[in-house]
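Chemist: fold the following and give me the result.
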Amino acid sequence: MRRMTWIAAIMLSFVLVLSACGTKDAESVVKDLDKFINNLDGYRGKGEMTLHSGQTPQTYQVDVSYSAPDKYRIELTNANQDITQIVLRNDEGVFVLTPQQNKIFRFQSDWPQKQGQVYLYQTLVDSILLDGSRQFTTTEDAYVFDVMAKYNSSSLARQKIWLSQDGYKPLQVEVSDANATVLVQLQFSEFEFDPKFEDNYFDTNRNMSANGKVDSQTSAQEQIDKQEAAQESEKEVQQLEEEAHEHEDDEATGEEHSHESTKETSSVTNSDKFTAMEPTYLPEGVVLKDMLDIEFGGMPGIVHRYEGDYSFSLIQTEAKDVATTLTTGDFVNLGFTIGQLTSGEGIQTLVWTYYGNQYRLSSGDLPQTELVKIAQSVQAAVSK
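Modeler: Numbering: from 1, shown residues only. Predicted coordinates:
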């Protein structure tokens, strides 16, 4: 009897040792990740991302691809609105594409080297490696890290990252604010390291023509060559911003200007091709002051001006079929697309494109976190 008990104890100890060998501690995982990320050749992953901003959560399908050393393709689709945008980095530069409407926007940026994104594997691993106070736990099939969030938004404070125990593939990410409220959720449905991409997978023309919507008479490169026209348009938009932030006009002049603007462009803003949008989130103590219809470069547009505890303006215009080079600024992750934040003369301006329209949110006193929240909530059609 004693012999059998002794044998059973040995077998139990052996099982426990084998079980322990299958789970690594935090230090071992971190060392593996450091070595692994430095030898990463590429990956492709798909999943679903939910943004908890504004009044209603917004869900997007994410398809992210990377090829070393610096080619990226992120496809973001809003299934409810049937809208797809592609953020692309290749040898020609950084682009935001809307293939359905033949829109290409080119940015002057080194993205994503200095701005992390929740759906990029490098960003997730870097946040684990750089946080010396990281917290570590395990589940049945995953290593779970709780670390500081590495994003250019102070509202995103911490994130939990689930990595598979069989290869360190990302499974899930939750990004929270300082109050532990989850603001971003990302669930990967599939992820593959070192996939085989077609030679033109990251090519601008290839991505524009993928949905069969590209104009056969105007290639992507031809659109890019129209930089001078785009820069002239940029100057016109800057003039509109200056007018929107002019606080010394008396109310009578403002009403007269509003009446004339509406009268001159009412036929344009009633176009079936243009749907004016407005934010569903406003900071406390802020109200809409007025709306002005505009015509910018022959395209319809509208200006919303807000006042109260903060003052800011939102300019929306239907974008032209040309690439637009913006001044150097910081890229901002809006979740559904990439925005660019610039500063000058005491005014911050956040610019982004979505579904063929360009948006410019400008303010002299809004914190960046509020700029981002407002931008993320611009999804409701204006009711007049």
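Chemist: domains of the protein?
Modeler: 26-208, 226-381 (automatic domain parsing).
Chemist: can I get these in JSON lines with mean neighbour count?
Modeler: All C-beta spots, glycine's among them, are computed from the backbone N, C-alpha and C. As requested, those are exported to JSON lines (neighbours: other C-beta atoms under 10 Å):
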{"stretch": "domain 26-208", "mean neighbour count": "17"}
{"stretch": "domain 226-381", "mean neighbour count": "17"}
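Chemist: could you dump these into JSON lines and include mean pLDDT?
Modeler: Listed next are these as JSON lines, based on pLDDT from 0 to 100:
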{"stretch": "domain 26-208", "mean pLDDT": "91"}
{"stretch": "domain 226-381", "mean pLDDT": "72"}
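Chemist: how much space is there between residue 135 and residue 34?
Modeler: For residue 135, the distance to residue 34 under the criterion C-beta to C-beta, to the nearest Å works out to 18 Å.
Chemist: ok, now residue 277?
Modeler: Separation of residue 277 from residue 34 (C-beta to C-beta) stands at 44 Å.
Chemist: make sure residue 31 is indeed in a strand.
Modeler: No. The assignment for residue 31 (DSSP: H, G, I helix; E, B strand; the rest coil) gives helix, which keeps it out of a strand.
Chemist: three-state assignment of residue 100?
Modeler: Applying three-state DSSP to residue 100 yields a three-state assignment of helix.
Chemist: does it touch residue 84 like I think?
Modeler: Yes. In this structure, residue 100 sits in contact with residue 84. The criterion is C-beta atoms under 8 Å, and the distance is 6.7 Å.
Chemist: give me the beta-bridge partners of residue 62?
Modeler: Using DSSP bridges, the bridge partners assigned to residue 62 are residue 47, residue 76.
Chemist: thought it was touching residue 186?
Modeler: Yes. With contact defined as C-beta under 8 Å, residue 62 reaches residue 186; the gap is 7.0 Å.
Chemist: quick one, what contacts residue 40?
Modeler: Remark: with contacts taken as C-beta atoms under 8 Å, 6 or more residues apart in numbering, residue 40 is in contact with 66, 68, 121, 122, 193.
Chemist: ok, now residue 150?
Modeler: The contact partners of residue 150, taken as C-beta under 8 Å, 6+ apart, are 116, 123, 126, 127, 130.
Chemist: which SS state does it fall under?
Modeler: Following three-state DSSP, residue 150 is assigned to coil.
Chemist: roughly how far apart are it and residue 157?
Modeler: Computed as C-beta to C-beta, the residue 150 to residue 157 distance reads 11 Å.
Chemist: confirm residue 27 sits in a strand?
Modeler: No. Assigned with three-state DSSP, residue 27 falls outside any strand and is helix.
Chemist: distance check, it against residue 43.
Modeler: Computed with C-beta to C-beta, the distance linking residue 27 and residue 43 is 24 Å.
Chemist: one step back: mutual contacts of residue 62 and residue 186, please.
Modeler: 47, 48, 49, 119.
Chemist: from residue 120, how far out is residue 136?
Modeler: Here the distance between residue 136 and residue 120 works out to 21 Å (C-beta to C-beta).
Chemist: mind listing what the nearest residue to residue 376 once chain neighbours are set aside touches?
Modeler: Using C-beta to C-beta, 6 or more residues apart in numbering and skipping residues adjacent in sequence, the residue nearest residue 376 is residue 53, 4.1 Å away. Each residue near residue 53 by C-beta under 8 Å, 6+ apart is listed here: 183, 281, 335, 373, 376, 377.
Chemist: quick one: contacts for the last one?
Modeler: Applying C-beta under 8 Å, 6+ apart, we find residue 377 in contact with 53, 54, 55, 279, 280, 281.
Chemist: look up the closest residue to the third one, ignoring the ones flanking it.
Modeler: If you skip the residues right next to it in sequence, residue 55 has residue 280 as its closest partner in space, 4.9 Å away by C-beta to C-beta, 6+ apart.
Chemist: ok, now the last one?
Modeler: Of all residues beyond its chain neighbours, the one nearest residue 281 is residue 377 (3.7 Å), with distances taken as C-beta to C-beta, 6+ apart.
Chemist: any chance of TSV for the contacts of residue 40, columns distance to residue 168?
Modeler: Formatted as TSV, the entries for these read as follows, by distance: C-beta to C-beta, whole Å:
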residue	distance to residue 168
66	15
68	17
121	9
122	13
193	9
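Chemist: between the residues you listed, which is closest to residue 358?
Modeler: Looking at the contacts of residue 40 and their distance to residue 358, the nearest is residue 66, at 27.2 Å (C-beta to C-beta).
Chemist: tell me which helix or strand residue 305 sits in.
Modeler: For residue 305, the element it lies in under DSSP states H and E is strand 299-308.
Chemist: who does residue 86 bridge with?
Modeler: Under the criterion DSSP bridges, residue 86 forms beta bridges with residue 75, residue 97.
Chemist: let's have the chain start at 3 instead
Modeler: Yep, numbering from 3; the last one is residue 88 now.
Chemist: check contacts around residue 65.
Modeler: By C-beta under 8 Å, 6+ apart, residue 65 lies in contact with 46, 47, 48, 75, 76, 77, 79.
Chemist: ok, and the closest non-adjacent residue to the second one?
Modeler: Distances taken as C-beta to C-beta, 6+ apart put residue 193 closest to residue 47, at 3.9 Å, once the chain neighbours are dropped.
Chemist: ok, the one you found touching residue 46?
Modeler: Yes. With the criterion set as C-beta under 8 Å, residue 193 and residue 46 qualify as a contacting pair; they are 7.5 Å apart.
Chemist: would you map the helices across the stretch 103-252 of the chain?
Modeler: Remark: helices of the stretch 103-252 of the chain, listed N- to C-terminal, are 123-132, 206-210, 222-226, 229-246; assignment by DSSP state H, counting those that start in this stretch.
Chemist: so for the third one, what's the average pLDDT?
Modeler: For helix 222-226, the mean pLDDT works out to 50.
Chemist: could you pull out the strands for the stretch 253-386 of the chain?
Modeler: When secondary structure is read from DSSP state E, counting those that start in this stretch, the stretch 253-386 of the chain shows strands at 279-281, 288-298, 301-310, 314-320, 332-335, 340-346, 349-356, 359-365, 380-383.
Chemist: nice, that's everything, thank you.
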